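S.K.: The sequence and its predicted three-dimensional model are supplied below.
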Amino acid sequence: MTINMICIYFLLRGEVNVVGSYVLKVLSYGLIIGFQHYNYNANKAFFYFRNAGYGIDKLYLYALTCDALAYGVLLSLLKLFKYWVSVF
C-alpha cells in the first residue's frame, strides 16, 4: 500500500503518467521479490504455505496480481473523481 500511495502522489503532482506509475509498481515488485530472495532461505520461509500445498511462486503471483488490480481500481476511481470535480 505504501508504494501505491507513493505512485498516486507522484501521479497527482504530474511528475509521472499512468504508464510511468505502473513502471514504478513493477520495479517495486522486483525489489520485493529480490529482498525476499536475498534475505530469506526459501527452504525455511513460508513453510506454512508449503504445508498447505501452495507454492511460493504462486503466492507471490497471486499477491502481486491482486495488488496490481487494486491499484488499477484505485487509479480508475481517482480519475473518475477528478473528472466529476472538474464538471462541478
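M.R.: Everything's here; your move.
S.K.: only C-alpha atoms for contact and neighbour calcs from this point on.
M.R.: Will do.
S.K.: Output the below-cut-off pLDDT ranges for the protein.
M.R.: 40-52, 54 (pLDDT under 70).
S.K.: Could you pull out the strands in it for me?
M.R.: Under the criterion DSSP state E, the chain carries no strands.
S.K.: could you point out the longest helix in it?
M.R.: The helix that spans the most residues within the chain, counting by DSSP state H, is helix 56-87.
S.K.: Pull out the buried residues from it.
M.R.: Residues Leu64, Asp67, Ala68, Tyr71, Leu75 are the ones in helix 56-87 that count as buried (16 or more other C-alpha atoms under 10 Å).
S.K.: and what of stretch 13-21?
M.R.: Val16, Ser21.
S.K.: how distant is it from the center of its chain?
M.R.: On the basis of C-alpha atoms, centre = their mean, to the nearest Å, stretch 13-21 sits 15 Å off its chain's mean C-alpha point.
S.K.: Identify the residues contacting it?
M.R.: Residues outside stretch 13-21 that contact it (C-alpha atoms under 8 Å, 6 or more residues apart in numbering) are Cys7, Ile8, Phe10, Leu11.
S.K.: I appreciate the help and will end here.
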